[in-house]
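Engineer: Kindly return the folded structure for what I paste below:
(3 chains)
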Amino acid sequence: MDQKIRVLVAKPGLDGHDRGAKIVARALRDAGMEVVYTGLHQTAEMIVETAIQEDVNVIGLSLLSGAHMTLFKDVTKLLKEKGLDDVIVIGGGIIPEEDVSDLKKAGVCGVFGPGTHCDDIVEFIRKKVKK
Amino acid sequence: MNDIATKVLNGDQRSIAKLITLAENGSPQAAIEMKKIHSKTGKAYVIGITGVMGSGKSTLIYELTKEYRQKGLKVGIIAIDPTSPFSGGALLGDRIRMMDLATDNGVFIRSMGTRGMLGGLASAVYDVVEILDASGKDIILVETVGVGQAEVDVIKIADTTLVVLVPGLGDSIQTIKAGIMEIADIYIVNKADRSGVEQAVAELQSLIDISCSGKDRKTPVLTTIAKENKGIVELRKEIENHERYLKKSKMFDVKRRKRYESELVEIIRKRLMNFIFDESTFKEKVERLIDQISKKEVDPYTAADEILGKILK
Amino acid sequence: MYDKKELDDFKKKKEEWEKECYLQHVKKHSERMKEFTNLSNVNIDSIYTPEDISHLSYDKHIGLPGIYPFLRGIHPTMYRGRLWTMRQFSGFGSAEETNKRYKYLLEHGETGLSVAFDYPTLYGYDTDHPLSRGEFGKCGVAISSLKDMEILFNGIPIDEVTTSMTINGPAAIVWAFYIANAENRGINKKIIGGTIQNDILKEYIAQKSFIFPPEPSMRLIVDTFEYGFKEVPRWNTISISGYHIREAGSTAIQELAFTLGDGVEYVKWAIKRGLKIDDFAPRLSFFFNAHNDFFEEIAKYRAARRIWSQEMKKLGAKKDRSLYMRFHTQTAGCSLTAQQPEINIARVTMQALAAVLGGTQSLHTNSMDEALALPSEKAARIALRTQQIIAEESGVTNTVDPLGGSYYIEWLTDKMVEETYRYFDRVEKLGGVIPAIEKGFYQREIAESAYKYQKEIDDNERFMVGVNKYKMDEPIEIPILKMDEEGEQRQINRLKKLRKNRNNSKADRNLENLRKAAKGNENLMPIILDCVHSYATLGETCGVLREVFGEYTEPAIY
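Structural biologist: Numbering: from 1, shown residues only, chains lettered A, B, ... in the order given. Model (predicted):
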C-alpha cells in the first residue's frame, strides 16, 4: 500500500505574505507528503471544498495579517458543518500567544508561530495522522 | 446500499474523493469498489492536455472548463505533478489557477503526484478517470507533466490529446522533442498575444504537412489567449470535431480499447510488483536474490526466472 | 588606484604574511568556521587590502559625494547639511485611532509621516466588502473614502510635513484621496510633498498586493508620473522597493538587482509613453531593507547609487537630479524574533546604523514587538529614540560616507555592482522584467533563497539568538497593542451614511466617466480625482477599474 499524507496549505483572506507558507509546503514535500498548495486569497468555502475533493488529512492555514480569529474559525466551523471531523487543522503566522487557546477550542490542533522549526510541524502531522 | 461505490454513482463529493484515495494507495478495498462501477463508465469524454511549463496549461483548462460549464456539462479535472524521487512527496499547485471553480458543484478537481510512474501520468489515473466518469462527469480533463520525450503516456488515456505551446519560449518548434509533437490531436499556441506567434504557427503547419501527408485528418493548429478567454470557444468546437471524426471513422472504439488495455496492464503490473516486493513472505525471497545478484552468485535473468516461475506456477 | 611598483611589492609582502603569519596561526588556532559567507553567499576573506581594490579607479568607480556616480552620497554634505527624515511607518484600526498615533509620533520627534493601510484598503475593497471580513484595521488603517482621509490627517499640517503612503494596487486612488483632502483644506497641490509606493512590479514579485494585470497597472503608474510632474511637482510618485523582496526571503544582491531592474523598467515604460526622462526621473525614489549583515548592507546602498546613476545616464538623463538615487530604508522585519522581543532593539539599532552609514534619506526603525503584533505606543517610541540616539550621540553624521576607502567596503560594493549586472543579463535573456515575472524567475530565486535560509537555521548552520541559540522559556512581558473592537462596525456605519448623504448621481456619473476613460488611453488621474471629490468610495472606484482591467492571478512557484 502506498499511503501518503496529504496536506492542504492555504492562505485565507487577503494576507499576501507567503514566504512561510511556501517554505512549509516545501518542507512537507521533502518529508514525503503530498502538498496541495492553493495560494493566496482563499475563502473558507474554497478551502473546505478543496479539502473534500483532495481528501486531505491536514489543512495548514497561514496568516500574518491579524485576521486569524475570524478566518481560522470560519474554516473550522465549516469543516464541522460538513462533517469533516477527521481533518486536522493547524495554523501558522503571526498569532499572539493569548489567542492560541481560543483557536484550539475552535478546532485548530496546533499553532506554529515565528521561530518554528520545520521538523516540528512534520513530526506533529505524522503523529496526529497516525492516530 | 450505503457503500462507497453507490455514493460515487450518486455523485457524492466525499465518496468520490475517498475512493480516489483508496485507488491511489492501492488499497484492496479500492479493487472491490472499482469492480462495482466499471459497467457504469464510458460516457465521459477524456481530454489530455500536455505542454511545457509556462505554456499556460492551467489557465487554458480553467477557461475551457468554464466554457463547458456554460454548456451545462459537468467537468472533472485531474492535475498531475511530479513526485520527488528523493522524498516521495509532491508539491501539487495546479489548482491555484482554478480556485474559483472550487465552489462549483459541477466541477471536481483532484491533484495527483506521479508517485514514481514515468511517462507523465500517475498509476491510479485510470481509476480516477473511471471514478469521475461513473460519478456523472461529461468531460474529464487530464493535465499532465509534459516536458520531454518520455512524458507521452497521456495518449493512453485520452480520447483527444492537446499539446500546448507558447511563442518565443526560447526553443523553436524544431528543437522540442519529437515524441511530444507526435501525440497531438490538436495543437494550441497559447499566449498568442506574444511576438513570434506567426512563426510558431508556421513551423507547426510545415511539420504537420509532412507528418500528416496521406492521412485523412490534418492536425489543426489553434491560437488562444487563455487569460483573456480568447480562442476557447473555437477550441471546444475543434475538440467536438475530433470526437465526431473519431466516432465516424470508428477510431474512437479502437482508442478506447487501447485505453482499457493500458489500464489492465497497469493493474497487473501493480499487482505483480506489490506481490513481489511488498508481500512479506515473497519479499524475503526476493531480497535474498537481490543480495545474491550483488555478490555475483546469481545473475538477474536467472533470478527473474525463479521469481516468475514461482508466480506462474 | 595604486602605483604599480608599490602594489607589486605589497603583493609579495601579503603572500609572505599569508604563509608565515596567517596560515601558521590558523594551524594552531583554527578559525570558527570553514567558510565565512555573508547573507548573499559571498565568500568573505579574513582581511581586505589594497590588492583587493587595485582594479578600481577612485574617480570612475568611487568618486566624490554630490557628483556622478554619486556612490559616496547624493549631496556633498549629506547629514552635515540635513539629517535623514525619521519616518515611522504606522497605522491601525480606524482613521481616528491612527490620527492619534501620528500626533504622538510627531510630538516625539518624528519628522515625516508614513501610512500603513489595512488589507482591504491595499486591495481596493471597502470595509463592508464581504472579503474584508475580519481584516478591518488589523495590519494598518482602513481608508474607504475621502472622509476617512480627512479624519486621518485632521489637525496635522500636511503643508509642512511630508507623507509617505504604502499603497500599490489602488495607489492612484488613495493618492487622489490625499490630494483632494489637501485641496479641500485650501492647500495647493503644488506644494504638498510625500510619496506613494505605487510599485506594482515588486507586488508581482514579492508583496503580492497586486490587483490588475501588468499592462494596465503600468499604464496607471505612468499616469501618476505624468500627473505628478505637471500638477504635484513635490510628490514622489513611486518608491521602487526592495524591502519586500528582501522580506520575502531574497539575498541582499537579489534585493539590489531586482529593485534596480524594476526601476529601469518603469523608466522605459514612461519613455515609451513619450515622457521626457529629465521631467519625471527626479521624482523617482527607492525603498530598501536594512538587514543583519552590517557591512553588506552599507555596500549595497553605495552600489545602488552607482548603478542607478550609470543606468539613468544610459537611458539619456542629463540632469543631476535625474541621476541620483534618493531612498528610504526600513530595518528588516523578518530578522526580528517573537522570542525575547526586547533584544530586537539591539538588532534594529545595528540595522539602522547600517542604513545611516549607507546614506539613507529617510528611515523607519521597527519596534521590538514586530513579530507579535502592531507596534505598541512604547515600542514605537523606543524605535524612534533609536534613530535619535544615532543622530545625536554617535558622531557618525559628522562626515560623509565615513566607511569610504575601507578595503572591505569598496571591494564588497564593487562586487555587488558586478553581481547585479549579472542578474540584469539573466533577466534580459528571459525577455525582460515582465516576461521574467510571468516565467516565475524572480519568485523562484526568492523562494530558493528563503528556503535555503530556513534550512540553515533548522540545521543549526546559521543562528538566530533566542530561536536556535541562547533560547529561554519565558512569558512575553511587553505590552501588546490592543485595537478597538467596535471599530469595524463604526466604519461600516460611516460608509452607509456616506453613501446615503452624498450626491449619488454625481458619483455615479464620475464612475461612469472613469469606466469609459479606463478603456481608452487618457490619463486617469483627473477623472479619479473627480470620483474621489464626489465621495465615490475606494471600493467603488477600484471596482470600476477591476471590471475594465481584470484581475491578476499568479502562478504557483515555491
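
Engineer: hey, let's count contacts and neighbours off CA atoms from now on
Structural biologist: Fine.

Engineer: surely residue C:146 meets residue C:177?
Structural biologist: Yes. If you go by Cα atoms under 8 Å, residue C:146 and residue C:177 touch, sitting 5.2 Å apart.

Engineer: Can you work out which residues contact both of the two?
Structural biologist: Common contact partners of residue C:146 and residue C:177 (Cα atoms under 8 Å, 6 or more residues apart in numbering or on different chains): C:532, C:533.

Engineer: Do you know the pLDDT at residue B:209?
Structural biologist: Looking at residue B:209, its pLDDT stands at 86.

Engineer: For the stretch 301-450 of chain C, which residues are neighbours of chain B?
Structural biologist: Residues of the stretch 301-450 of chain C lying close to chain B (Cα under 8 Å from any Cα of the partner chain) are C:438, C:439.

Engineer: where does the stretch 51-200 of chain B dip in pLDDT?
Structural biologist: In the predicted model, the stretch 51-200 of chain B carries pLDDT under 70 at residues B:146-151, B:169-181.

Engineer: Tell me which residues touch the residue in it positioned nearest to chain A, please.
Structural biologist: Minimum separation of the stretch 51-200 of chain B from chain A (Cα to the nearest Cα) falls at residue B:89, amounting to 3.7 Å. Counting by Cα under 8 Å, 6+ apart, residue B:89 makes contact with A:4, A:28, A:29, A:30, A:31, A:32, A:33, A:34, A:35, B:83, B:113.

Engineer: swap the cut-off to 7 Å and go again
Structural biologist: A:29, A:30, A:31, A:32, A:33, A:34, B:83 (Cα atoms under 7 Å, 6 or more residues apart in numbering or on different chains).

Engineer: what's the answer for residue C:221, then?
Structural biologist: residue C:198.

Engineer: Mind telling me what element residue B:46 is part of?
Structural biologist: strand B:45-51 (DSSP states H and E).

Engineer: before we move on, the earlier item: helix/strand/coil for the closest residue to the residue of the stretch 51-200 of chain B closest to chain A other than its chain neighbours?
Structural biologist: What sits nearest to residue B:89 in space, not counting adjacent residues and going by Cα to Cα, 6 or more residues apart in numbering or on different chains, is residue A:32, at 3.7 Å. Following DSSP: H, G, I helix; E, B strand; the rest coil, we place residue A:32 in the coil state.

Engineer: thought residue A:32 was touching residue B:86?
Structural biologist: No. Using Cα atoms under 7 Å, residue A:32 makes no contact with residue B:86, being 8.5 Å away.

Engineer: Tell me which of these two has more neighbours.
Structural biologist: Taking other Cα atoms under 10 Å in any protein chain shown, residue A:32 and residue B:86 do not tie; residue A:32 has more neighbours (21 against 9).

Engineer: now that we're looking at the more buried one, how far away is residue A:55 from it?
Structural biologist: 17 Å (Cα to Cα, to the nearest Å).

Engineer: Same question for residue C:316.
Structural biologist: 58 Å.

Engineer: Same question for residue B:35.
Structural biologist: To residue A:55, residue B:35 is 21 Å away according to Cα to Cα.

Engineer: residues near the closest residue to residue C:397 other than its chain neighbours, how many?
Structural biologist: Distance criterion Cα to Cα, 6+ apart; nearest residue to residue C:397, sequence neighbours excluded, is residue C:79 at 5.5 Å. A count of neighbours around residue C:79, defined by other Cα under 10 Å, yields 21.

Engineer: Doesn't residue C:79 belong to a helix?
Structural biologist: Yes. The assignment for residue C:79, made by three-state DSSP, places it in a helix.

Engineer: what's near enough to touch the residue located most distally from the centre of chain C?
Structural biologist: Using Cα atoms, centre = their mean, the residue of chain C lying farthest from its centre is residue C:20. It sits 47.3 Å away. Residues counted as contacts of residue C:20 (Cα under 7 Å, 6+ apart): none.

Engineer: For my notes, confirm it occurs in a helix.
Structural biologist: Yes. Under three-state DSSP, residue C:20 sits within a helix.
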